[in-house]
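# structure for this input, please:
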Amino acid sequence: MKIVFCLRNFLPQNVAGTEVYVAALCESLQKAGSETIIIKPGFGKTATSEYMYKNIRVIEYPESPIADKAVIKGEKKPEGINFFET
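So this is what the prediction gives:
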């Protein structure tokens, strides 16, 4: 089974409760035989990139670093949404 987590931030750049919890959850799920992937915005990046964090694949998609209230309120699509659409 493949499980994908979509987060705003992840380790090692950001260390907080959600990031630590999801990393531990990924580790447990991997031990149970699942494949886990983290997908997060790469603020200010111009291309998709990947890195590994403790055997967890992390994919970063390009996204504007400027906070847009219309995006936050759900009134406008984020710039990186096309990376989720097929």
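# contacts for the helix or strand harbouring Glu27?
Assigned by DSSP states H and E, Glu27 belongs to helix 17-31. With contact meaning Cβ atoms under 8 Å, 6 or more residues apart in numbering, helix 17-31 is reached by 3, 5, 7, 9-11, 36, 38, 53-56. Using the backbone N, CA and C atoms, a C-beta is placed for each residue, glycine as well.
# again, but for stretch 72-86
Stretch 72-86 has contacts (Cβ under 8 Å, 6+ apart) with 41, 48, 61-64, 68, 70-71.
# remind me which residues of this protein are low pLDDT?
85-86 (pLDDT under 70).
# nearest residue to the middle of it?
Residue closest to the average C-alpha location in the chain (Cα atoms, centre = their mean): Lys40, at 2.2 Å.
# so it: helix, strand or coil?
Secondary structure assignment for Lys40 (DSSP: H, G, I helix; E, B strand; the rest coil): strand.
# burial check on Pro41, number of neighbours?
20 (other Cβ atoms under 10 Å).
# where's Glu75 relative to Ile3, distance?
30 Å (Cβ to Cβ, to the nearest Å).
# looking at these two, which has the bigger crowd around it?
Set Glu75 next to Ile3 and count neighbours by other Cβ under 10 Å: Ile3 wins out with 12 against 9.
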